[in-house]
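# What shape does this take:
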Amino acid sequence: MNVLFIGGTGIISTACTELAVARGMKVTLLNRSLRAPMAGAQTVAADISQPGAAARALAGRKWDAVVDFISFTPADIEARLGLLRGSTAQYVFISSASAYQKPLSDYLITESTPLSNPLWDYSRNKIACEERLLKAYREEGFPVTIIRPSLTYGDTIVPLAVNSWLKGYTAVDRMRRGLPLIIPGDGLSLWTITHNSDFAKGLVGLLGHAGALGHAFHITSDEALTWNQIYAMTAEAAGVPAPLFVHIASDFITACLPSMVGTLLGDKSHSAVFDNTKIRRFVPGFEATTRYRDGIARTVAWYDADPSRKVVDTEACAAWDRLVQAYSRGLEAAAAEFGVGRAAGAQRQ
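You can find the predicted model right below:
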């Protein structure tokens, strides 16, 4: 099978590239070649944001499947339609499970759960992309398959609700230094975190599947954990027996850190439990086998293997410290106002 990955070197796409190569697919990566080449895959150097350059790089080539990891807006989709019409038997768009209705009207998320997220531009843009692609499928037969990952991680990501996404070691560093980590709300809402190697099984299994055209799928783990459990397992992997956690209401967090409105109020402050019946029906044998406890242990080991990887987001740390201090002052003011002892703040687990 001849497949093109637009991107191919990110958290999700790296695992998909590795699995596709392992299964004997001929894999080509279209990207700016800013990272080292991936074993077994060909790289075509072009900036996809420059349609003319991408068209010249791909001129005359045909694909059994194209997977697009880096389209985020309807304008991106219009460019892809112009680039790929008539040259691929399947176009796989990587959308997002954050597009599902917030707040949910039913606890179990299926592919028919309505798409609506008034709190996050990223999610609304993904919804608009899906709508444009389905219009192209209905009106011109454009061969689209839509994939909605939820929070997916790998060796380089520590996927906590309040963490630095690009400098994932930050949370581990804080725990090891005895500094508090913030858990939204009471930490009892359920969340689903998926290892990228498990996600890859579902996506690669759909490549070349003619029956998947016109369909949407999410691909997630079946393991639903509370945020308290997720943080505790992360601390265990980091070798911190008594981590310092502080629970802060999500609306308090976003009032102090408005940049988190989308990722928190529009996503991680809600429970997310997924029904994976559909992906199993289309990809028989699909199973997510990496428990979070095991996957996060691999992630921490990856950081510990090379000190140069242990980069800390000092700006984020400073913001979290100010947030914890503001919350503590609020607790003290409440205790004084109501004449009670000071409420608990940060707590050792």
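# show me the contacts for S33.
Contact analysis of S33 by CB atoms under 8 Å, 6 or more residues apart in numbering lists 43, 45. Yep, even glycine has a C-beta here, placed from its N, CA and C like the rest.
# That one: which element?
S33 is located outside every helix and strand, with elements delineated by DSSP states H and E.
# Per-residue confidence, it, what does it come out as?
Per-residue pLDDT puts S33 at 72.
# all strands of the stretch 101-250 of the chain, in order?
Applying DSSP state E, counting those that start in this stretch to the stretch 101-250 of the chain gives strands spanning 108-109, 144-149, 151-153, 181-184, 190-195, 216-219, 224-226, 244-248.
# Using JSON lines, please lay out those strands together with mean neighbour count.
Converted to JSON lines, the strands of the stretch 101-250 of the chain look like this (neighbours: other CB atoms under 10 Å):
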{"stretch": "strand 108-109", "mean neighbour count": "16"}
{"stretch": "strand 144-149", "mean neighbour count": "24"}
{"stretch": "strand 151-153", "mean neighbour count": "23"}
{"stretch": "strand 181-184", "mean neighbour count": "23"}
{"stretch": "strand 190-195", "mean neighbour count": "23"}
{"stretch": "strand 216-219", "mean neighbour count": "24"}
{"stretch": "strand 224-226", "mean neighbour count": "17"}
{"stretch": "strand 244-248", "mean neighbour count": "19"}
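# So which of those is nearest S164?
strand 181-184 (11.5 Å; CB to CB).
# Any chance you could list what contacts the closest one?
Contacts of strand 181-184 (CB under 8 Å, 6+ apart): 160-162, 171, 174-175, 227-228, 231, 243-250, 253, 264, 268-269, 320, 323-324.
# measure stretch 46-56 end to end?
End-to-end distance for stretch 46-56, by CA to CA, to the nearest Å: 9 Å.
# Quick check: mean pLDDT of that stretch?
pLDDT averaged over stretch 46-56 gives 87.
# cool, and stretch 193-210?
For stretch 193-210, the per-residue pLDDT averages 98.
# how far does that stretch sit from the chain's center?
The chain centroid and the centroid of stretch 193-210 are separated by 14 Å, computed with CA atoms, centre = their mean, to the nearest Å.
# Please point out which parts of that stretch sit buried.
For stretch 193-210, a neighbour-count test (16 or more other CB atoms under 10 Å) marks 193-207 as buried.
# Next, the contact list for T9, please.
Going by CB under 8 Å, 6+ apart, T9 touches 17, 29, 31, 35, 38.
# follow-up on the earlier one: now, of the contacts of strand 181-184, which are buried?
160-162, 171, 174-175, 227-228, 231, 243-248, 250, 253, 264, 268-269, 320, 323-324.
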